[in-house]
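Enquirer: below are the sequence and a predicted model; questions follow.
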Amino acid sequence: MAPPNYVELQAFSNFSFLRGASHPHELIEKAAALGYAGLALTDYHTMSGIVRAYSAARTLEFPFFVGCRLELACSASIKIPLLCYPTDRDAYGRLCALLTKGKLRAERDECELMLEDYLEQMQGFVTIFIAPSAISDFESKSFLDGCRKIKDQATSRELVYTALSKNYLNHNDAILKKLLWLSRLLEIDPVATGNVYYHAAGRKPLQDVLTCVRHGTTVQSAGFLLAQNSERYLKAPAEIARLFREMPEAVSRTMKIAELCSGFSLPQLKYEYPDEICPHHKSPAEYLKELTYQGAQERYPAGTPTNVLALLQEEFELIRELDYEKYFLTCFDIVKFARSKGILCQGRGAAANSAVCFCLGITSVDPQKIDLLFARFVSKERNEPPDIDIDFEHERREEVIQYIYGKYGRARAGLTCEVITYRHRSAVRDVGKALGLQAAEVDKIAKSIYRWTGCTVTARDVRELGLDPDSITVRNTFELTKQLIGFPRHLSQHVGGFIISAQPLCETVPIRNAGMPERTMIEWDKDDIEILGMLKIDVLGLGMLSCIRKALSYINHHRLKTGEAAVQLHNLPADDPAVYDMICAADTVGVFQIESRAQMSMLPRLRPRCFYDLVIEVAIVRPGPIQGNMVHPYLKRRNGIETISYPDRRVEQILGKTMGVPLFQEQAMRLAIVLANFTPGEAEQLRRAMASWKRDKGVIAIFQERIVRGMLKSGYSLQFAESCMNQIKGFSEYGFPESHAASFALLVYASSWIKRYYPAQFAAALINSQPMGFYSASQLLSDAKAHGVAARPIDINYSQWDCTLEGNAIRLGMRLVKGLQQSQARIISDAVKSYDKFVSLQTLWNKTRGASPPLRRFSLEALARADAFRSLGLNSREAFWQIRSLIEDPLPFDQKIEISAEKVDLPLQTPQQSMFQDYRFTGLSLRGHPIGFIRTELSGRGASTSAALKSMRRPVAGLQVSVAGISIVKQRPHTAKGVVFVSLEDETGITNLIIRPPVFEKYQKEILASSCLLASGVLERVGEVVYVNVFKVESLDQEVTAQKRPKFDCKNYSY
């Protein structure tokens, strides 16, 4: 007997946050496998999972329907829960607008809808009433009146139903009777649903955990919050028919409702880009060409090169064919606004492959310098929109975001969301708490879980944590953690992905409040909008652009005094040998992109001497080239150790600039085009296949066969063809676009040039742009000192909020004082400007009481802890004592207070105590270094300073050394075959350590848990760079912290 036709109309995925226990695709795949006639996703107050469900259904050619579960307030305490489904595009738009209204009036992640809201928008909706949370609500007059209003406003009886579910839950029979009674009362029909929360019964324990997390309880205490059984899974249609055998029409009605809802599907969402960026008397194509050619004249004052003109024409034709002109014009408008406000910006990523973007000023990669491949950015075969990423100064990006909101309105512009998913630590914390583990036990597991890839844990691992490996609770914790990893936890705003539309965006996707004020976001992420073909602009923040702008401001202020011409980002002296000397010596602390330990170790081996070398440097220390075994062949050929040979001239033209080794995605694409006769669009499909071949080996196999066959047909050997294919596969999902590397290389050179010639300005700008990069303010200041820059302490009479320059010295700013607000710091600096320097704390207090808001005593206490009153002749303790006597609020007129004028002699702090207090309250100290205070002891243990190691120009082969320092950087790249890179800082500089896997395994606890280390190993030198190949590690935390009282937490210092 054939199974009955049945469509599941009530299914909740894990996008019903902390309710559903299955991914959308799992529900679709299981429903298709069981032979369902379709499935509707009805998540709680959200559309955030529907694109994923649609994508899975499209792949399987399975009918999918859009729905949503809503709760409508009809009185102060009564809500009507229902399922809602749009029957056409207009109804879908009204549903999105309805959800938007409820979300924007509510707190973040909440939705507040009134019955009246639904009545206004319900035209074209199918409505199915479901059981309220309390069975007594069925008797409520407001509940029944509200249901009746919805039924009466429906244009047809076929648009309103009640939902019956048989899950053997508590009071299930009573609820079914009430729903059937409601059907008779309203004269509407009942329909069968599964009330599904997971695709398979085995997910019930995970659903229980999610319920406990949502309610902040444990499985032991949850009681009736948990379902009594695991029946809320996708049952076979035959089982549904058996459950409803007494009312088969309730099952067949699901097909009728599905037919009504088939009038809408997600492909109907025709997205249109706004057109107000184009003058009315010009078409978008005309205006784009006009602006591009104007920009080309500015880029090439001597005349636009012929090859660039040809590139522009080629791009114009494809942009016109795909109707993307308005998208490019919008990006131009945003960049134009930023530059008009003096905000540094630069496009990157695949967009840097576009000559149009370069001429419009969106990107900075000159087509004359880099062989651009437009198909990497836009092609007919991509079947997805282009994606332009633009970096802005991170401190001023909000101005750009608010400009977009202001120009297009919040109804038509919104940030995409980012789906925050459970990762190992967050998952184990929530699961452990829900299962009733003690907080200390959960904390132990969470802190150790990084050691267990994929949460594969042995009994020995569990015992080491002091837990019982035979405990069912402990075993369930690890098992359910594995299931929970990857589940959506909540929605957050994307870092800058903007969707802008011609029509109200809230009629395409619900809009909700973001976490930050004055921001809204849509419920779909970048993958969702890519599937639906919507255009996105990434308005990103880049700290280095903020740093460069500030540094150039300092530099030009100085150059103005000396009569030198101002310098800007675009006109810095190019290819300066002194800059490249500094880079080759790995003197790159703070420099964009090449400041990491891995990059520093590569610099003396690659030895960049020109701009394109920097492009390669940016790209080569990446997983793609490393996994593809491209790094060592490139270095050997570059250094003349290995000869370079090419099968023919065509291959040399593609790979010549990278010594015959394919390092970039564009090169892999060009090989396919030139050698295997791919079209540019097909080559882009190859690139996408490269990004997913580990997940879907069948896709890359198709391309592999075609590439090898095409190369053989073109006369190449099988060995060469297979070698090329293996290198292409090495890119995997990490392949780096050349255009992106070139965009970043521009900033690498700019930041290097500034550091080389203006180290004080560079360091001040870096500190004032924190947080960014690898290094803390303390380490940046130490590096600046090594370059001859003096540093002066924070002082209320001399410091501003930001660090400032006093000649070639940096005056530390009050931004470094922990607990001090910027507005409070400005009260002091403004008072100093108005009244000149203060000579007493009482005078400062009196002169700032009239400020609005006034200076607060806790701000002065924060400054006292930072020892910022030295110009008043007060040390930290004396200042703190005086501040305690200040009266913050006026006393009643008849009350007097006696203040003793007697001077109190406070005990002086030791130098060590003062230094540690500096670190604790400002993150750095000018009085010394923690390691310096135990140097005598360290010398007795044979430890050298960092400076001493670097001074050994020709170390004896195999020379064993010891070095101590604070661990400022720890890196364990997953492509480094288990090697750990550590940087130790002492009072003389930084020493780089290389720790091989066996050594790391032996000293893992010391390396990861200690802030101060003593490392012993073999000293090695590559060019100007010295490092220690470690064989032993000891913790120095006890020795360092023993120097002071009260206890010093090294973590306040370490990065």
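Expert: Done, it's in.

Enquirer: any idea how far apart the tips of stretch 318-327 sit?
Expert: End-to-end span of stretch 318-327 (Cα to Cα, to the nearest Å): 13 Å.

Enquirer: contact partners of it?
Expert: 273-275, 277-278, 283-285, 287-288, 328, 356, 374, 378-380, 385-386, 388, 535, 537 (Cβ atoms under 8 Å, 6 or more residues apart in numbering). In short, each C-beta sits where N, CA and C put it, glycine included.

Enquirer: if you set the cut-off to 6 Å instead, what comes out?
Expert: Residues from elsewhere that reach stretch 318-327, judged by Cβ atoms under 6 Å, 6 or more residues apart in numbering: 273, 275, 284, 285, 288, 378, 535.

Enquirer: among the residues you listed, the buried ones, what's the PyMOL command?
Expert: Those of the contacts of stretch 318-327 that count as buried under 16 or more other Cβ atoms under 10 Å are selected in PyMOL with:
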select buried, resi 273+284+285+288+378+535
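
Enquirer: in a markdown table: the contacts of stretch 318-327, plus distance to residue 967 and secondary structure.
Expert: Formatted as a markdown table, those follow (distance: Cβ to Cβ, whole Å; DSSP: H, G, I helix; E, B strand; the rest coil):
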| residue | distance to residue 967 | secondary structure |
| --- | --- | --- |
| 273 | 50 | coil |
| 275 | 56 | coil |
| 284 | 55 | helix |
| 285 | 58 | helix |
| 288 | 53 | helix |
| 378 | 46 | coil |
| 535 | 45 | coil |
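
Enquirer: just give me the closest of the contacts of stretch 318-327 to residue 27.
Expert: residue 535 (29.5 Å; Cβ to Cβ).

Enquirer: which residues does that closest one contact?
Expert: 273, 327, 385.

Enquirer: the closest residue in space to residue 814 that isn't next to it in sequence: neighbouring residues, count only.
Expert: Leaving aside its sequence neighbours, residue 814 sits nearest to residue 825 (Cβ to Cβ, 6 or more residues apart in numbering; 4.0 Å). Neighbour count for residue 825, taken as other Cβ atoms under 10 Å: 24.

Enquirer: confidence score at residue 825?
Expert: You'll see residue 825 listed with a pLDDT of 95.

Enquirer: residue 1001 now?
Expert: Confidence score, pLDDT, at residue 1001: 87.

Enquirer: quick check: buried residues in the helix or strand in which it is found?
Expert: Element membership of residue 1001, judged by DSSP states H and E, is helix 997-1002. Buried positions in helix 997-1002, judged by neighbour count with 16+ other Cβ under 10 Å: 999, 1000.

Enquirer: one more: stretch 193-201?
Expert: For stretch 193-201, by 16+ other Cβ under 10 Å, it's 193, 194, 195, 196, 197, 198, 199.

Enquirer: wouldn't the first one be in contact with residue 166 here?
Expert: No - contact criterion Cβ atoms under 6 Å: residue 193 and residue 166 do not qualify, at 9.5 Å.

Enquirer: for the residue nearest to residue 814, which three-state class applies?
Expert: Secondary structure, DSSP: H, G, I helix; E, B strand; the rest coil: residue 825 is helix.

Enquirer: wait, it sits on residue 799?
Expert: No - Residue 825 is beyond contact range of residue 799, at 8.1 Å (criterion: Cβ under 6 Å).

Enquirer: quick check: neighbours shared by those two?
Expert: Counting by Cβ under 6 Å, 6+ apart, the residues touching both residue 825 and residue 799 are residue 814.

Enquirer: for residue 571, phi and psi?
Expert: Taking degrees, to the nearest 10, you get phi -120, psi 30 for the backbone angles of residue 571.

Enquirer: quick one, what contacts it?
Expert: Counted by Cβ under 6 Å, 6+ apart, residue 571 has zero contacts.

Enquirer: the spatially most central residue of the chain is in what secondary structure piece?
Expert: Against the mean C-alpha coordinate of the chain, by Cα atoms, centre = their mean, the closest residue is residue 495 at 6.3 Å. Using DSSP H and E, residue 495 falls within strand 488-500.

Enquirer: that strand packs against which elements?
Expert: If you count contacts as 3 or more Cβ pairs under 6 Å, 6 or more residues apart in numbering; DSSP states H and E, strand 488-500 packs onto strand 413-421, strand 536-542.

Enquirer: how about that strand: buried residues?
Expert: 488, 489, 491, 492, 493, 494, 496, 497, 498, 499, 500.

Enquirer: most widely separated two among these?
Expert: Farthest apart among the buried residues of strand 488-500 - using Cβ to Cβ - are 489 and 500, which lie 27.9 Å from each other.

Enquirer: and stretch 492-512, C-alpha only, in PDB?
Expert: What follows is stretch 492-512, C-alpha atoms only, in PDB (Å, rounded to 0.1, in the frame of the first residue of the first chain):
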ATOM      1  CA  SER A 492      24.900  38.900  15.600                       C
ATOM      2  CA  GLN A 493      25.600  41.700  13.100                       C
ATOM      3  CA  HIS A 494      28.100  41.000  10.400                       C
ATOM      4  CA  VAL A 495      31.300  43.100  10.600                       C
ATOM      5  CA  GLY A 496      30.100  45.300   7.700                       C
ATOM      6  CA  GLY A 497      28.100  43.500   5.000                       C
ATOM      7  CA  PHE A 498      25.400  45.900   3.800                       C
ATOM      8  CA  ILE A 499      22.400  45.000   1.700                       C
ATOM      9  CA  ILE A 500      20.800  48.000   0.000                       C
ATOM     10  CA  SER A 501      17.600  47.700  -2.100                       C
ATOM     11  CA  ALA A 502      15.400  49.800  -4.300                       C
ATOM     12  CA  GLN A 503      12.200  48.600  -2.500                       C
ATOM     13  CA  PRO A 504      11.600  48.300   1.200                       C
ATOM     14  CA  LEU A 505      14.100  45.700   2.400                       C
ATOM     15  CA  CYS A 506      11.700  44.600   5.200                       C
ATOM     16  CA  GLU A 507       9.400  43.200   2.500                       C
ATOM     17  CA  THR A 508      12.200  40.800   1.500                       C
ATOM     18  CA  VAL A 509      13.700  39.800   4.800                       C
ATOM     19  CA  PRO A 510      12.800  40.700   8.400                       C
ATOM     20  CA  ILE A 511      14.900  43.400  10.000                       C
ATOM     21  CA  ARG A 512      15.900  43.400  13.700                       C
END
